[in-house]
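1. For reference, the sequence and a predicted model appear below.
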Amino acid sequence: MRAIGPCALTALSLGCGNPACDALAQGTSNESAQGQPCGLKRLVITHDECPDWLWGCTRSDHEKMQAYGECLSQLPTCSPQTLEQWTAREYACGLKVSEVSQSCGS
């Protein structure tokens with residue numbers, strides 16, 4: 001009999017191959033790296049931490065979180081000359097998760 005790994009049991013709500021977690025991990029990593037030239041420090045959500053961020057989230061919330069992460073992945077490298085435009089794009093990404101359920105991540 002083959003053992004079932006934890007990802008098989010939790011893939012729907014946790015970070016094991018979950019598109020929302022994949023997007024959040026990649027997106028927040030990109031946001032952090034691309035903001036560094038402007039001296040901006042951003043939170044990076046790892047795959048290990050992702051389940052906490054998606055706890056209590058609905059399928060719709062997962063879709064919003066995925067869109068947020070994908071948006072962050074598209075941020076260009078910040079520079080002092082582009083700081084205002086960069087932060088405006090970052091803010092626009094944040095609007096994608098402005099209406100997640102109150103239970104999401106709590």
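-> Done, it's in.
2. rest of the way, CA atoms for contacts and neighbours
-> Fine.
3. okay, the helix or strand harbouring residue 89 in PDB with CA atoms only?
-> In the assignment (DSSP states H and E), residue 89 maps to helix 83-95. Provided in PDB are the C-alpha atoms of helix 83-95 (Å, rounded to 0.1, in the frame of the first residue of the first chain):
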ATOM      1  CA  LEU A  83       9.300  55.000  -7.600                       C
ATOM      2  CA  GLU A  84       6.000  56.800  -8.000                       C
ATOM      3  CA  GLN A  85       4.800  54.700 -10.900                       C
ATOM      4  CA  TRP A  86       6.100  51.500  -9.300                       C
ATOM      5  CA  THR A  87       4.200  52.100  -6.000                       C
ATOM      6  CA  ALA A  88       1.100  53.000  -8.100                       C
ATOM      7  CA  ARG A  89       1.400  49.600  -9.800                       C
ATOM      8  CA  GLU A  90       2.000  47.900  -6.500                       C
ATOM      9  CA  TYR A  91      -1.100  49.500  -5.100                       C
ATOM     10  CA  ALA A  92      -3.200  48.400  -8.100                       C
ATOM     11  CA  CYS A  93      -2.100  44.900  -7.300                       C
ATOM     12  CA  GLY A  94      -3.300  45.200  -3.800                       C
ATOM     13  CA  LEU A  95      -6.800  46.200  -5.000                       C
END
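4. what does that helix rub up against?
-> With CA atoms under 8 Å, 6 or more residues apart in numbering as the test, helix 83-95 has contacts from 38, 68, 71, 72, 75, 76, 78.
5. Does the first one touch residue 76 like I think?
-> No. With contacts defined as CA atoms under 8 Å, residue 38 does not count as touching residue 76, sitting 11.8 Å away.
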